[in-house]
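Participant: attaching a predicted model along with its sequence, questions to come.
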Amino acid sequence: MTPAVRMGLSISVATGLYGISFGALSVAAGLNLWQTMALSALMFTGGSQFAFIGVVAGGGSGMAAVSAASLLGVRNAIYGMQMSRLLGVKGLQRWLAAHWTIDESAATASGQEDLAEQRRGFWVAGAGVFLLWNLFTLLGALMGNALGDTRHFGLDGAAVAAFLGLLWPRLNAREPVALALACGLVTALAIPWVPAGVPILLAAALGAFWGWVRPSEAEQ
Amino acid sequence: MTLSLWQWILLACALAFVTKLLGYSLPERWMRSPRMAQIAACLTVALLASLTVMNTLASGTRISLDARLGALLVAALALWLRAPFLLVVILGAAAAALLRWLV
């Protein structure tokens, strides 16, 4: 197993397990089993799925649910840009790659050094999360409320640790540390003031601006 | 608009897929420039930092300081000690679960 495969599998298990809480919450929000499965299989982007059922559970309109989910999904277009550079996919493969483009697959790919490893990381994490996320969504939906609050198992803590673990190898110099702190701060400050999904877009805008204005390695 | 729940679900799924595909549909020569590579690298750090903070603090559109902060600290300590990725994730979950059980 290469490091990319190992990381891809680890994150598949950690994220897949989180599908239990999605399945359980979705049924509690009033969606039936098939509607719940449709979200995991077809929408397949966890944050947006939680947002959708969150709005439905709160009695919000269908339009509000679609808007919240879509806003949270905008970052996947940014991952798509990055992944299309790495993967070089065509035809049907491109559609599959697009469908599997999520936080975890993009981050696993970006965390690797060479191109072959980046590609392996993307496909292993993409396929692994897709499979387990759907499997555990089904399990969660079937078990429903019998499970209680999945936060008792610390699954939300696993998500925090996973994203920090993906970020960590990139904090190897003063500049990325400064950028990460700035983006973390922007996110924290924005959370109470803007709709869910927007803080990460503000951080992305700061990151893109930073990358645009910094003197490039080639010019130095 | 009056759509059934099923129709809203399928609409949201279609929008999610189109958004993802959009990223793959930009001209390739844009993606090959050194400046784009630099922007891509900075974007990765920006997005991961934002996701980490979001998952630690956000509870809807509110900030909530809870057991997840403990998970963040334990994960950082484990990473600093060069623990492997899976162990870091497990320790993060264990820290959050333990803190909730204690409090």
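Facilitator: Now that the structure is in, tell me what you want to look at.
Participant: could you report the separation of the residue in chain A that chain B sits nearest to from A:Ile102?
Facilitator: Here the residue of chain A nearest chain B is A:Gly80; by C-beta to the nearest C-beta that distance is 1.9 Å. Placement of C-beta: from N, CA and C, glycine included. Using C-beta to C-beta, to the nearest Å, A:Gly80 is found at 10 Å from A:Ile102.
Participant: the longest helix anywhere in chain A vs chain B: in contact?
Facilitator: Secondary structure assigned by DSSP state H gives helix A:115-143 as the longest helix of chain A. No. Counting by C-beta under 8 Å from any C-beta of the partner chain, chain B has no neighbours in helix A:115-143; the shortest distance is 11.2 Å.
Participant: can you list the domains in chain A?
Facilitator: Listed domain ranges for chain A are A:3-152, A:171-220 (source: automatic domain parsing).
Participant: gap between the two ends of the first one?
Facilitator: Domain A:3-152 stretches 31 Å from its first residue to its last (C-alpha to C-alpha, to the nearest Å).
Participant: which stretches of chain B form helices?
Facilitator: Using DSSP H, helices in chain B cover B:5-24, B:28-32, B:34-57, B:67-80, B:85-102.
Participant: so which bits of the longest one are buried?
Facilitator: Looking back up the chat, that one is helix B:34-57. B:36-57 (16 or more other C-beta atoms under 10 Å in any protein chain shown).
Participant: for it, packing partners?
Facilitator: Here helix B:34-57 touches helix A:75-87, helix A:103-110, helix A:155-167, helix A:174-190, helix A:198-213, helix B:67-80, going by 3 or more C-beta pairs under 8 Å, 6 or more residues apart in numbering or on different chains; DSSP states H and E.
Participant: weakest of those in terms of mean pLDDT?
Facilitator: Lowest mean pLDDT within these: helix A:155-167, at a mean of 84.
Participant: of all the helices and strands packed on helix B:34-57, which lies closest to A:Ser67?
Facilitator: helix A:198-213 (11.6 Å; C-beta to C-beta).
Participant: near chain B at all, the closest one?
Facilitator: Yes. Interface with chain B: helix A:198-213 contributes A:199-200, A:203-204, A:206-208, A:210-212 (C-beta under 8 Å from any C-beta).
Participant: buried only: go through those for me.
Facilitator: A:199-200, A:203-204, A:206-208, A:210-211.
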